[in-house]
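Colleague: Sequence and predicted model, in that order:
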Amino acid sequence: MSGHFSSLLATDQPGHARVPVTVLTGFLGSGKTTLLNALLREPDLQGTAVIVNEFGAIGIDHDLIAHTTEDTILLANGCMCCAVRGDLIGALVRLGERQAADGSALRQVLIETSGLADPAPILRTVMGGPAVKERFTLASVCCTVDAVLALGTLDRHPEASRQIAMADHLFLTKTDLLGGPVPQELLGRISGLNPTGTVHQQREQHAAVLRQMMQARANDARSAPAENGLFYRPVSAIGDTATGDTGTPPPHADGITSFVIVRDDPLPRDGFYAWLDMVIAMRGEDLLRVKGIVSLQEQPERPLVFHGVQHLYQPPVSLPAWPSEDRRTRIVFITRGVDAEAMDESLRVFARRRRPRPAAAASPDLSSQPKETP
Amino acid sequence: MASDVSQRAATLARLWSELAVRHVALGSSCGCGAGGVSLQLIDFELDIVDYLEDAGLRSGVREVEEFFRARPTSQATGLPLQTLLEDLERDAFAAAASAWLLARLERTLNSFAELHGGRPQAAP
């Protein structure tokens, strides 16, 4: 079997640099454009293209951005996650072609979604569109969260929950209007939806953090989940080190569950790929985000880093070394109702795989050479 | 009247027979190029029995360890999980071995059933 994840190993092109794409999402009025304006005042943004999506027949967000350039593209008259998805592909392709034609240095792309957008189709476009994935790679997903109104918004709008659940970085906005600290209820709600997302409360630092995220590569050590302090939330950890009362991942009213699978011992490559292929095939639609750093028996000194959305995954990258002293496999799942214990148990089955499989069932061999980070 | 072991094994056998032959499409309708490939859980019978053996040999239960030493997975042919379930249904093994095997199989096969989309599971 050559499955979806394992097939990426054969299609990856080492040495082929791709332009990182950052997706900036957040519910209506949560401060995306304000953050974007602050970002555009940051230094060192040469070669940045901004794609703005607005839900409405007449776009005005374009006019609200103070520092537009020829590389600011407005996709109006529909939401990027559905109606104008083709426009998004076209805009990215044009950016890529122009770079190839005139040698202009396109260094990074920021996509600002509409406030009602479901991020998943947009991420799928970036990661899976044949015309796009050749030249672009997803760097990170950032989400603005209105510190004043978010709790009510989350109660009423499932889109807001999905935006938070899928983000790598969450920017709490309008904290100056709270008249006090950010409510623990809101922090708990965010953490419940997305235990691995980094929450940024310091408003004055938001633009700089966003810029750093844009300029990072998706699979480099800085963005590996191992470095995320929230990664080890014990309530969510499932696996070898999760002994005792680790609890069951809490279900949320909106059906989103998140958990981390941890393994102390390196996994056999073939078994791990077969497991992930199977999981993606069976539950891909319900895998909102998957991010992992994996210790493989065949290359214990070079962890494999990967991330994906639903059934689309970017080519995994072998890091030259572990980014920290923690050498455990850690895989973060943000899902729609996928059972953590079932995932854990099924991985135990495949982690036992040692014998060579028949040719038809084997995954492609992973190059022993580190794959260059796009 | 069928024993409890036989009944539980029969329930598991029905669950597995339903799961095992279903095709799961990989990458269908997707631009990744992996479309058109599908798998069946029956392909993983050897993985499951192998996993069971590994756990059994470390279980500390004498009857279980003897069971796997007498029936090493390395010599398995055909559909080893299906064969094991049929043998359990016939109540062919020592009571302690059957109890251990059934408990582990229920957990494992129910996990596959859950991943397969929350299908009806065998009661533990």
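Modeller: Received, thanks.

Colleague: How far does stretch A:258-272 sit from its chain's centre?
Modeller: How far stretch A:258-272 lies from its chain's middle: 19 Å, per Cα atoms, centre = their mean, to the nearest Å.

Colleague: Tell me the span between the first and last residue of it.
Modeller: 20 Å (Cα to Cα, to the nearest Å).

Colleague: list the buried ones in it?
Modeller: Within stretch A:258-272, the residues that count as buried by 16 or more other Cβ atoms under 10 Å in any protein chain shown are A:258-263, A:266-272. Placement of C-beta: from N, CA and C, glycine included.

Colleague: Redo these as TSV? Include distance to chain B.
Modeller: Listed next are the buried residues of stretch A:258-272 as TSV, based on distance: Cβ to the nearest Cβ, whole Å:
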residue	distance to chain B
A:S258	17
A:F259	14
A:V260	17
A:I261	13
A:V262	17
A:R263	14
A:P266	16
A:L267	13
A:P268	11
A:R269	14
A:D270	10
A:G271	8
A:F272	12
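
Colleague: next helix or strand past the helix or strand harbouring A:D155?
Modeller: A:D155 belongs to helix A:150-156 when assigned by DSSP states H and E. Note on helix A:150-156: by DSSP H and E, the next helix or strand toward the C-terminus is helix A:158-165.

Colleague: Give me the below-cutoff pLDDT ranges for chain B.
Modeller: Judged by pLDDT under 70, chain B has its weakly predicted residues at B:1-2, B:25-37, B:118-124.

Colleague: Show me the helices in it, by range?
Modeller: All helices of chain B, identified by DSSP state H, fall at B:4-20, B:45-57, B:62-70, B:80-89, B:95-115.

Colleague: Throw these into a markdown table and include mean neighbour count and distance to chain A, thanks.
Modeller: Compiled in a markdown table, the helices of chain B are given as follows (neighbours: other Cβ atoms under 10 Å in any protein chain shown; distance: least, Cβ to the nearest Cβ, whole Å):
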| stretch | mean neighbour count | distance to chain A |
| --- | --- | --- |
| helix B:4-20 | 18 | 10 |
| helix B:45-57 | 21 | 4 |
| helix B:62-70 | 16 | 13 |
| helix B:80-89 | 20 | 11 |
| helix B:95-115 | 20 | 4 |
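
Colleague: could I get those as CSV with distance to A:P121?
Modeller: Listed next are the helices of chain B as CSV, based on distance: least, Cβ to Cβ, whole Å:
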stretch, distance to A:P121
helix B:4-20, 30
helix B:45-57, 34
helix B:62-70, 48
helix B:80-89, 39
helix B:95-115, 24
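
Colleague: Minimum pLDDT in the buried residues of stretch A:258-272, which residue is that?
Modeller: Minimum pLDDT for the buried residues of stretch A:258-272 is recorded at A:S258 (81).

Colleague: in chain A, which helix or strand is least confident?
Modeller: Least confident helix or strand of chain A, by mean pLDDT, DSSP states H and E, is helix A:61-64 with a mean of 47.
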